[in-house]
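Asker: Mind looking at a prediction? Sequence and model below.
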Amino acid sequence: MRPFLCVVLPLPWFIAVAVSATANTGDSETDTVVNANTTSAPGQNVSPSPGPSAYSPTDTKTPVEKKPKFSDFHKTSLNCSLLQLGQYRCLDPEIDKETQAAKNCTKERLVKVPCLPTEGIFCNGQTHTGQTVGFYKEVPCRWTNGKKFSTALLLSVFLGWLGIDRFYLGYPAIGLAKFCTFGFMFVGHLIDILLIAIQAVGPSDRSDYIVDYYGPGLIRIDQDNFTYVKPPEYI
């Protein structure tokens, strides 16, 4: 039994020494932290100073973000060209009296017309009154290049057998062939009169004829704020 006691007895002594050393180390660290944070005279009880409080009146206040007013929501940056149908109306293109077609019409048969946003709509940085131009929109038009329908028809009737009508419309090869063959022995002459009369043959640059104005013409109808859609009749 004596050799067994010699092995067991030193074990509690070693554990006690280790626990005591750990406790002394913790106390010294606590004293070091307190002495580093506060300084006082000997014998004076010192309580650790509290850290900066989030509710201290001396702290800098975070600026409060200003919320937008409800009246500012309609003043958002909006492009007038993105308005929906019914929120604007477009004016008719200006008509040239000599050509009876829209002025500044391009080869693509498109012309720009001014569009007026409805009163009270804010776009492109301003509030419109219903009479101010918000944007320009391209609409179809007739493109003419100086060739008159009446002139082409008269040349075909009286001088078509010489090919003058084809020269006038911009077809020099066919005009030369008609000139050399007397209008293909007058058969081609009669065919060209019919084709030009029904406007199946037009200028070579694919432009439209200039047609003289003899009465009411076609009116382009667009849907705008003043368009009334008749509801269907129910039985």
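Answerer: Received the coordinates, thanks.
Asker: how much space between residue 209 and residue 101?
Answerer: Counting by Cβ to Cβ, to the nearest Å, the gap from residue 209 to residue 101 is 10 Å. From N, CA and C alone the C-beta is placed, and that goes for glycine too.
Asker: Mutual contacts of the two, please.
Answerer: Shared contacts of residue 209 and residue 101 (Cβ atoms under 8 Å, 6 or more residues apart in numbering): residue 144.
Asker: Need the contact partners of the longest strand anywhere in the chain.
Answerer: The longest strand of the chain (DSSP state E) is strand 110-117. Applying Cβ under 8 Å, 6+ apart, the external contacts of strand 110-117 come out as 80, 83, 87-93, 102-105, 123, 128, 130-141.
Asker: Which strands border that strand, and is each parallel or antiparallel?
Answerer: strand 88-90 (antiparallel), strand 135-140 (antiparallel) (DSSP bridges).
Asker: Go through these and find the least confident stretch.
Answerer: Here the lowest mean pLDDT among the strands paired with strand 110-117 goes to strand 88-90, at a mean of 89.
Asker: and that strand, which residues are buried?
Answerer: 88, 89, 90 (16 or more other Cβ atoms under 10 Å).
Asker: that older thread, for the longest strand of the chain, buried residues please.
Answerer: Quick answer for strand 110-117 (16+ other Cβ under 10 Å): 111, 112, 113, 115, 116, 117.
Asker: Show the average pLDDT along it.
Answerer: The model assigns strand 110-117 a mean pLDDT of 94.
Asker: Tell me where the model's unsure across this structure.
Answerer: 1-77, 215-235 (pLDDT under 70).
Asker: Which parts of it are helices?
Answerer: In the chain, the helices defined using DSSP state H lie at 2-8, 10-37, 149-159, 164-169, 172-180, 182-185, 187-197.
Asker: Mind exporting the C-alpha coordinates of the fourth one to CSV?
Answerer: So the one you mean is helix 164-169. Presented in CSV, the C-alpha positions along helix 164-169 are these (Å, rounded to 0.1, in the frame of the first residue of the first chain):
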residue,chain,number,x,y,z
ILE,A,164,-41.3,62.0,-124.1
ASP,A,165,-43.5,60.8,-121.2
ARG,A,166,-40.8,58.3,-120.2
PHE,A,167,-38.1,60.8,-120.4
TYR,A,168,-40.1,63.1,-118.1
LEU,A,169,-40.6,60.4,-115.5
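Asker: per the record, what domains does this protein have?
Answerer: 72-142, 146-210 (automatic domain parsing).
Asker: Please work out which of these is packed deepest.
Answerer: Stretch with highest mean neighbour count among the domains of the chain: domain 146-210 (a mean of 17; mean count of other Cβ atoms under 10 Å).
Asker: Contacts for stretch 181-192 next, please.
Answerer: 156, 160, 161, 162, 163, 165, 166, 177, 178, 201.
Asker: and which of those is nearest residue 146?
Answerer: residue 165 (15.5 Å; Cβ to Cβ).
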